[in-house]
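> I need the structure of the sequence given here:
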Amino acid sequence: MNKTMKLAVAAALALGASAAQAGFIIPAGDWTVDINGNVNAFYIHQHDKNSNDVAGGIAGRAVPGQTNNQSSVNTGLLPSWFGVTGKKRENDLDISWTISFQPGASTKHALQSGTGNGTAEMRQANLTFGDKSWGSFKLGKDIGLFGQDAILNDQTLLGVGSTGAGTQGGGSTTTLGRIGTGFLYTDFTGQIEYSSPNWNGFQFNVEIAQPWQSLNLATSAAITGNQKEPAFEGNVNYSWSGDFAGKVWAEGFTQKVDGVQATTGARSDRSDVYGIGGKVSYSGVELVGYYYNGSGVGTTGLLMDGYATNGNQRDSDGGYVQASFVIPGVKTKLAGSWGISNLDRASGEVGN
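Purely as a prediction, here's the structure:
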């Protein structure tokens, strides 16, 4: 069985960035407005050698047998952001809205690359309403459910991780952290989500999400057409507190994919993936473990490189383990992690 295996070993010490965070709570009539933000930047030198990749690897990676060395000053995996949230209680409902803006710290020199200076994203624009007795609904754009716990518990979220320098002398909005080397990127997408009440630590979430197109990362070209049905995502989790605290979760994603370009013509298929994970902490020590397995979903983001150009699905799996320790007194966290992502070659697919 031919497969691409992406392996990463990472260590993080949160001292390499210039960072500022702020949160201001402002009363505004019946509303409480929270203004918050984060700024971080890293100097990054990247050495990348990839000698055994299937067709459609990560864009910007070295071609087989060659080496890329790049330098940049860029935001880490956690983007810089400016966000505003408003909250109120009315008619027995908790109501809130959030809008955020994520400017990149990188500079893509316009005269050199022709792409202009840097990038920016709008990752959040949503509203929620509900009550703790029956749950809540969210409508709008926000982080997805599948892969959410994996990235939010990843220590490289506070650092750089893999594929840090980007291309053409500057990065994009963020680096990749452990995305593609241990978990799939959840991304921020349009959604209608229901979150259950919290029953003594147990909770579940389900959502209808904007459907994805299957993307070939080597060419940045979609190999599917318009999607007739939405994507469906969900997770269940159980958390507990105390001296020995922790959380366990299970998650799933499924989507019918229309317009897959097979050698015999367009057809429909279904992409599915599940994940399980957990973390425990005791006396400053925290352990995290995560595993995923899917078909037609790729190894970097949902549906990215999930299909070969002949229209057949690629199977993938991966995960990561992580250990961290908070130094008493100084409150600095030391962390190390190991992760892997596998991408099997599709039936009938040929290549290196």
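> which stretches of the chain have low pLDDT?
Within the chain, the stretches with pLDDT under 70 are 1-23, 48-68, 106-119, 163-172, 217-220, 262-265, 351-352.
> contacts only, for the spatially most central residue of it.
Centroid check for the chain by CA atoms, centre = their mean gives residue 185 as the closest residue, at 2.9 Å. Counting by CB atoms under 8 Å, 6 or more residues apart in numbering, residue 185 touches 147, 151, 179, 300-302. Glycine gets a C-beta too; all of them are placed from N, C-alpha and C.
> please apply the same query to residue 93.
By CB under 8 Å, 6+ apart, the neighbours of residue 93 are 129-131.
> show the buried residues in those residues.
Using 16 or more other CB atoms under 10 Å as the burial test, the contacts of residue 93 include residue 130 as buried.
> re earlier: and the residue nearest to the centre of the chain, how far is that from residue 302?
Note on residue 185: its distance to residue 302, by CB to CB, to the nearest Å, is 7 Å.
> and for the two, which residues touch both?
residue 147.
> which residue ranges of the stretch 51-200 of the chain form strands?
67-74, 81-90, 93-103, 120-131, 135-143, 188-195 (DSSP state E, counting those that start in this stretch).
> each with direction, which strands does the first one pair with?
So the one you mean is strand 67-74. Partners of strand 67-74 in the sheet, by DSSP bridges, are strand 42-49 (antiparallel).
> ok, now the fifth one?
According to DSSP bridges, the neighbouring strands of strand 135-143, each with its direction, are strand 120-131 (antiparallel), strand 188-195 (antiparallel).
> what's the angle from the first one to strand 93-103?
Relative orientation of strand 120-131 with respect to strand 93-103: 170 degrees, computed using axes from the mean of the first three to the mean of the last three CA atoms, to 10 degrees.
> can you give me the helices in this structure?
For the chain, the helices defined by DSSP state H occupy 110-113, 148-152.
> bridge partners for the closest residue to residue 337 other than its chain neighbours, pull those for me.
Nearest residue to residue 337, sequence neighbours excluded (CB to CB, 6 or more residues apart in numbering): residue 322, at 3.8 Å. As for beta bridges, residue 322 partners with residue 288, residue 337 under DSSP bridges.
> can I get the strands of the stretch 51-200 of the chain in CSV including distance to residue 27?
As requested, the strands of the stretch 51-200 of the chain are exported to CSV (distance: least, CB to CB, whole Å):
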stretch, distance to residue 27
strand 67-74, 37
strand 81-90, 11
strand 93-103, 15
strand 120-131, 20
strand 135-143, 23
strand 188-195, 26
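> around residue 304, how many other residues sit close by?
Applying other CB atoms under 10 Å, we find 23 other residues in the vicinity of residue 304.
> wait, doesn't it sit right on residue 222?
No. Using CB atoms under 8 Å, residue 304 is not in contact with residue 222, being 10.3 Å away.
> which neighbours do those two share?
With CB under 8 Å, 6+ apart as the test, residue 304 and residue 222 both reach 214-215.
> what sits against the closest residue to residue 140 other than its chain neighbours?
Spatial nearest neighbour of residue 140, excluding adjacent residues (CB to CB, 6+ apart): residue 126 at 3.0 Å. By CB under 8 Å, 6+ apart, residue 126 lies in contact with 97-98, 138-142, 191.
> so the closest residue to residue 271 other than its chain neighbours versus residue 211, what's the distance?
Leaving aside its sequence neighbours, residue 271 sits nearest to residue 296 (CB to CB, 6+ apart; 3.4 Å). Between residue 296 and residue 211 the distance, using CB to CB, works out to 13 Å.
> check residue 347 too.
Distance of residue 347 to residue 211, given as CB to CB: 24 Å.
> neighbour-wise, which of those two wins?
Counted by other CB under 10 Å, residue 347 and residue 211 do not tie: residue 211 has more neighbours, with 21 against 11.
> thought the more buried one was touching residue 227?
Yes. The criterion here is CB under 8 Å, and residue 211 meets it with residue 227 at 3.8 Å.
> shared neighbours of those two, anything?
Any residue near both residue 211 and residue 227 by CB under 8 Å, 6+ apart counts here, and that gives residue 255.
> how many other residues sit next to residue 176?
With other CB under 10 Å as criterion, residue 176 counts 22.
> quick one, phi psi at it?
Reported as degrees, to the nearest 10, the phi and psi values for residue 176 are phi -100, psi -10.
> just checking, it touches residue 76?
No. Look at residue 176 against residue 76 with CB under 8 Å: they stay out of range, at 10.0 Å.
> just the CA trace of stretch 289-307, in CSV.
Backbone C-alpha positions of stretch 289-307 (Å, rounded to 0.1, in the frame of the first residue of the first chain) are rendered in CSV as follows:
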residue,chain,number,x,y,z
GLY,A,289,-4.0,12.2,23.0
TYR,A,290,-6.0,12.2,19.7
TYR,A,291,-6.7,9.9,16.8
TYR,A,292,-8.7,10.3,13.5
ASN,A,293,-9.6,8.0,10.6
GLY,A,294,-11.5,8.9,7.4
SER,A,295,-12.1,8.4,3.7
GLY,A,296,-12.2,11.2,1.1
VAL,A,297,-11.1,13.9,3.6
GLY,A,298,-7.3,14.2,3.0
THR,A,299,-4.7,15.0,5.7
THR,A,300,-4.6,18.8,6.0
GLY,A,301,-8.1,20.4,5.9
LEU,A,302,-11.5,18.8,5.3
LEU,A,303,-11.7,17.3,1.7
MET,A,304,-8.2,18.7,0.9
ASP,A,305,-6.5,16.0,-1.2
GLY,A,306,-9.2,13.5,-0.2
TYR,A,307,-9.7,12.4,-3.8
